[in-house]
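J.: sequence plus predicted model, see below.
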Amino acid sequence: MMAIIWGGVLVLMLLIEAASVQLTSIWFAAGALVSLITALVKPEWYVLQVVLFIVVSAASLIAIRPIVKKHMKARFQPTNADQCIGREGVVTETIDGLAGTGLVKLDGNVWTARSSDESVIEEGATVVADKISGVRLIVHRK
């Protein structure tokens, strides 16, 4: 009977792992596999099976998770647009948050723009890029 339970736990953990692809339950699948093997060899050793499940799951989690986290960590890939931050540009259309208008020419590219403090910045003013929000350049007056 315990072999069926451990087999079910193993299949369930593998299905969860396949659905998530985040290495969330593979540790418990390893523990369930060891417990399943133990249940097939010595079916009457219930306590040992549970202890092995806990120990193997915890050991695999502690030993392998830091390595997996290191290799699966999302790496920030800066884009060319990120190079605009901190650079100066010229307002080519008055920036007005209420009217929803504003264009800035920066490094030869024209960006839709908003002021960081929601102030109106007139055409021809020099601004500095603070950040990029979607496709908008957030700027402040120099």
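T.: Received the coordinates, thanks. Just so we're clear, the structure is a prediction, and the values are computed from it rather than from any experiment.

J.: so who does W111 touch?
T.: Contact analysis of W111 by C-beta atoms under 8 Å, 6 or more residues apart in numbering lists C84, G89, L103, V104, K105, V135, R136, L137. In short, each C-beta sits where N, CA and C put it, glycine included.

J.: for the fourth one, what are its contacts?
T.: Contact partners of V104, counting by C-beta under 8 Å, 6+ apart, are G89, V90, V91, T92, I95, V110, W111, A113, V127, A129, L137, V139.

J.: out of those, who's nearest A3?
T.: L137 (63.1 Å; C-beta to C-beta).

J.: hang on, that closest one in a helix?
T.: No: counting by DSSP: H, G, I helix; E, B strand; the rest coil, L137 is not found in a helix; it is strand.

J.: the residue lying closest to I5 once chain neighbours are set aside: what's it in contact with?
T.: Using C-beta to C-beta, 6 or more residues apart in numbering and skipping the chain neighbours, the partner closest in space to I5 is A39 (7.9 Å). With contact taken as C-beta under 8 Å, 6+ apart, A39 is in contact with M2, A3, I5, W6, W45, Q49.

J.: swap the cut-off to 7 Å and go again
T.: M2, A3, W6, Q49 (C-beta atoms under 7 Å, 6 or more residues apart in numbering).
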